[in-house]
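Would you be able to build a 3D model of this:
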Amino acid sequence: MSDWKALAQGKAEAINELIPQKWLLPAPLPSVDEQRDVTNYIRDSCQHGRLRSRRRTPSVLSQGPAQGRGKQERWLRPSAIGLQTNRPLHGLPVSLKDQFHVRDVETTMGYVGWIDTFEGKKGTGKEKASESEMVRELRTLGAVLYVKTSVPHTLMSGETINNIIGYTTNPKNRHLTAGGSSGGEGALISLKGSAVGFGTDIAGSIRMPAAFNGLYGLKPSTGRLPYEGMATSMDGQNTVLSAVGPLATSAGGLRLVTKSLLSQQPWLHDPLVVGIPWRDEVEKEVFQLAKGRGLTFGILVHDGVVTPHPPVKRALDIVKAQIEGLGYKVMEWQPPAHARATEILFKAMLYDGGADVHDNFELSGEKISTQIAGLYGETRGKPQYTASQIAATNVEKREYQKEYLDFWNSTSAITGTGRPIDAWLAPVAPFVAARPGRYDYYGYSTTTNLLDYTTAVIPVTLADKKVDLRDETYKPLNEEDRKVWESYDAEIYDGAHVAVQLVGRRYQEEKVLALAEIIGEALGNKLV
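Modelled structure (predicted):
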């Protein structure tokens, strides 16, 4: 066994040893052919006497039965303490992507070379001692930080795979990926092992796991929530910044943790956080417009490059019908070409030619996964951008943002309200979740990162092999479209979660979450 494999195996064994003996499963999971959906596996194990299970949303967990439902002291006492100490997340279990530094816990970010180090460096004194700013704030708010979850090494993949944990499959349909790069979060919350968790998003890394696992997710605009003190890839690449945000089983859960964090005035502790507190008045305005049926939405069915799979198209139709059923207007969204946004974003991801990524792989000599090698190569060799090339890319980005802003504003002429549309809907990806090794297109998620728009994920339905039939006469538009279309198999995708994303303007987290709650309730999403 090579040195890096032994190191990875030792780390995996150390993680498993943290699990109490009484919580170990009596036998391996059934094969995927025997049981593709394992989302109730924990509940079923509980019913057989191995564990005890209660399903709770974040808001219920943080409040306890304060309205008189249940009188168990184990619920009432934490609630009473939380009220007295003004800690709105008191007792709320919160899971974290393995990108957050937590005191006494190692951060590997999926790299074997980071084991027993601080971000790959030895002897810094920061090993298991450093803590991210958001972690500090969550502790102050009373949250219980109890687990970190797997990520793809580098973070730069829509699939979660590394040489320590392995591949993270989708609990709802194990033929598919759980998404990435916050895929461990998506899988754990889907399994009801967490009520709310935090991930990051630079090209869809909160939204993909949320969508693929039937969850709500929020990608805020960058700088709304604190990123200070977190591990990351390509630190210093500032053309497209990563945003930190929550995944949860309800829109209310997203709102609870976001509002609570903003109460900590994170702009006083992170120089990149903007000084915008939570704005109740923005929420109230949205609900007022909703009552008066004054909301308008755009809907993007196709980005002009890759055609969404049948269940994704159906989900958009369902949401459109529900919104129109509430009396709101929905119009076709025909913005500046999204392909340009994707092209600009991936330029930024390659500014250093993959040097940061390869530096970290070379720490241990571990093998780079095919998912990552597709972008950065199996070995070094890609050219680095010059300062003038980076500046030119930044100009491209700004010009695209301005063009998109002007287009959005122009919709005031056609909404009938005198205002531009309130938000627009789109697929998160062309598939409900990718098959392993076949995440061939990121264009539906990358655009809102380049634009820095606030975006939420809303679960809609499940793929159905009897309804979501493959069109055998379809002619692909291009090579990317061909790959995505050929990956669709109604039988394999059957039963998987299907979601949409709701896109608002920059720093409109209050508005987007309010709209997500309205749409979610119309869809019947009380507890996913």
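
distance of His497 from Ala211?
7 Å (C-beta to C-beta, to the nearest Å). For the C-beta atoms, the positions are set from N, CA and C on the backbone; glycine is no exception.

Pull up the overlap in contacts between the two.
Val432, Ala433, Pro459 (C-beta atoms under 8 Å, 6 or more residues apart in numbering).

Just the pLDDT for the residue nearest to Asp37 when sequence neighbours are not counted.
Once flanking residues are discounted, Asp37 sits nearest to Lys172: 5.6 Å by C-beta to C-beta, 6 or more residues apart in numbering. Lys172 is assigned a predicted lDDT (pLDDT) of 98.

what's the closest of the shared contacts of His497 and Ala211 to Lys465?
Val432 (12.0 Å; C-beta to C-beta).

Neighbour count for His497 and Ala211, which is higher?
Ala211 (33 against 28; other C-beta atoms under 10 Å).

which residues of the stretch 51-200 of the chain fall in helices?
Along the stretch 51-200 of the chain, the segments classed as helices by DSSP state H, counting those that start in this stretch run 58-63, 73-85, 133-140, 183-190.

right, and the residue nearest to Asp37 touches His497 too?
Yes - counting by C-beta atoms under 8 Å, Lys172 touches His497, with 5.5 Å between them.

shared neighbours of the two, which are they?
Asn213, Gly214.

quick one, strands of the stretch 301-450 of the chain?
329-332, 423-426 (DSSP state E, counting those that start in this stretch).

What strands flank the last one, and is each parallel or antiparallel?
Its sheet considered, strand 423-426 pairs with strand 296-299 (parallel), strand 497-503 (antiparallel) by DSSP bridges.

Single out the most deeply packed of those.
Most buried of those, by mean neighbour count (mean count of other C-beta atoms under 10 Å): strand 497-503, with a mean of 27.

tell me the contacts of the closest residue to Leu363 other than its chain neighbours?
In this structure, Leu363 finds its nearest non-sequential neighbour in Gly113, 2.6 Å apart by C-beta to C-beta, 6+ apart. Neighbour list for Gly113: Trp4, Gly120, Asn360, Phe361, Glu362, Leu363, Ser364, Glu366 [criterion: C-beta under 8 Å, 6+ apart].

Surely the third one is in contact with Lys121?
Which is Asn360. No - if you go by C-beta under 8 Å, Asn360 and Lys121 don't touch, sitting 10.8 Å apart.

Neighbour count: these two, which is higher?
Asn360 (22 against 11).

Contact partners for the residue lying closest to the more buried one once chain neighbours are set aside?
Closest residue to Asn360 in three dimensions, ignoring its sequence neighbours and counting by C-beta to C-beta, 6+ apart: Tyr111, at 5.0 Å. Listed by C-beta under 8 Å, 6+ apart, the contact set of Tyr111 reads Gly120, His153, Asn162, Asn360, Phe361, Leu363, Ser364, Glu366.

give me that answer again for 7 Å
Gly120, His153, Asn360, Leu363 (C-beta atoms under 7 Å, 6 or more residues apart in numbering).

Could you do Gly199 as well?
Contacts of Gly199 by C-beta under 7 Å, 6+ apart are Lys97, Ser182, Glu185, Ser205, Ile206, Pro209, Gly245, Leu247.

redo that, cut-off 6 Å
Lys97, Ser182, Glu185, Ile206, Leu247 (C-beta atoms under 6 Å, 6 or more residues apart in numbering).

who's it bridged to?
When bridges are called by DSSP bridges, Gly199 pairs up with Gly245.

what's the distance between it and Leu92?
In terms of C-beta to C-beta, Gly199 sits 17 Å off from Leu92.

same thing with Pro311?
33 Å.

These two: which is more packed in?
Leu92 (28 against 24).

Counting neighbours, which bits of stretch 131-140 end up buried?
Within stretch 131-140, the residues that qualify as buried are Glu131, Ser132, Glu133, Met134, Val135, Arg136, Glu137, Leu138, Arg139, counting by 16 or more other C-beta atoms under 10 Å.

Kindly reformat those as CSV containing distance to Lys511 and pLDDT.
Output for these, formatted as CSV (distance: C-beta to C-beta, whole Å; pLDDT from 0 to 100):
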residue, distance to Lys511, pLDDT
Glu131, 32, 98
Ser132, 27, 99
Glu133, 25, 99
Met134, 22, 99
Val135, 28, 99
Arg136, 28, 99
Glu137, 23, 99
Leu138, 24, 99
Arg139, 29, 98
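
out of the residues you listed, who's nearest Gly217?
Using C-beta to C-beta, these come closest to Gly217 at Met134, 16.1 Å.

so the closest one touches Pro226, yeah?
Yes - with contact defined as C-beta atoms under 6 Å, Met134 reaches Pro226; the gap is 5.0 Å.

And the pLDDT at the residue nearest to Asn360?
Predicted confidence (pLDDT) for Tyr111: 99.

gap between it and Ile372?
Counting by C-beta to C-beta - Tyr111 and Ile372 are separated by 11 Å.

ok, now Ala248?
Counting by C-beta to C-beta - Ala248 and Ile372 are separated by 28 Å.

Who has more neighbours out of the two?
Ala248 (28 against 23).

Can you tell me the closest non-neighbouring residue to the more buried one?
Closest to Ala248 by C-beta to C-beta, 6+ apart is Val196, at 4.2 Å.

any idea how far that neighbour is from Glu133?
18 Å.

Equivalent analysis for Lys219, please.
Plainly put, Lys219 is 19 Å away from Glu133 if you go by C-beta to C-beta.

Name the spans of the stretch 401-528 of the chain whose pLDDT lies under the cut-off.
For the stretch 401-528 of the chain, residues meeting the criterion pLDDT under 70 lie at 526-528.

I misspoke; the intended subject was the stretch 101-250 of the chain.
In the stretch 101-250 of the chain (pLDDT under 70), no residue qualifies.

thinking again about what came up before, isn't the residue nearest to Ala248 up against Leu89?
No - counting by C-beta under 6 Å, Val196 sits too far from Leu89 to count as a contact (9.0 Å).

Just want to know which of those two has more residues nearby.
The residue with more neighbours, out of Val196 and Leu89, is Val196; 28 against 24, by other C-beta under 10 Å.

Go ahead and flag the most central residue of this protein.
With distances taken as C-alpha atoms, centre = their mean, the residue of the chain nearest its centroid is Ile206 (1.2 Å).

how near is that residue to Glu228?
Taken as C-beta to C-beta, the span from Ile206 to Glu228 is 18 Å.

Against Thr386, how distant is the closest residue to Pro383 other than its chain neighbours?
Closest residue to Pro383 apart from its sequence neighbours, by C-beta to C-beta, 6+ apart: Gly353 at 5.4 Å. Per C-beta to C-beta, Gly353 is found 11 Å from Thr386.

So for the two, which sits in the more crowded spot?
Gly353 (16 against 10).

In this model Tyr385 seems to touch the more buried one, though I could be wrong.
No - Gly353 is beyond contact range of Tyr385, at 7.7 Å (criterion: C-beta under 6 Å).

how about the helices in the stretch 251-400 of the chain?
Under DSSP H, counting those that start in this stretch, the stretch 251-400 of the chain gives helices at 251-262, 280-291, 310-325, 338-349, 355-362, 370-376, 387-410.

Mind giving me the packing neighbours of the last one?
Read that as helix 387-410. Under the contact criterion of 3 or more C-beta pairs under 6 Å, 6 or more residues apart in numbering; DSSP states H and E, helix 387-410 touches helix 338-349.

Leu225 and Val244 touch, don't they?
Yes - assessed by C-beta under 6 Å, Leu225 is found in contact with Val244 at 5.1 Å.

Counting neighbours, go ahead and name the busier of these two.
Neighbour comparison, Leu225 and Val244: the larger count goes to Val244, with 28 against 25 (by other C-beta under 10 Å).

Now do the same contact list for the more buried one.
Here Val244 is in contact with Thr200, Leu225, Tyr227 (criterion: C-beta under 6 Å, 6+ apart).

Next: Ile164.
So Ile164 contacts Ala8, Lys11, Ala12 (C-beta under 6 Å, 6+ apart).
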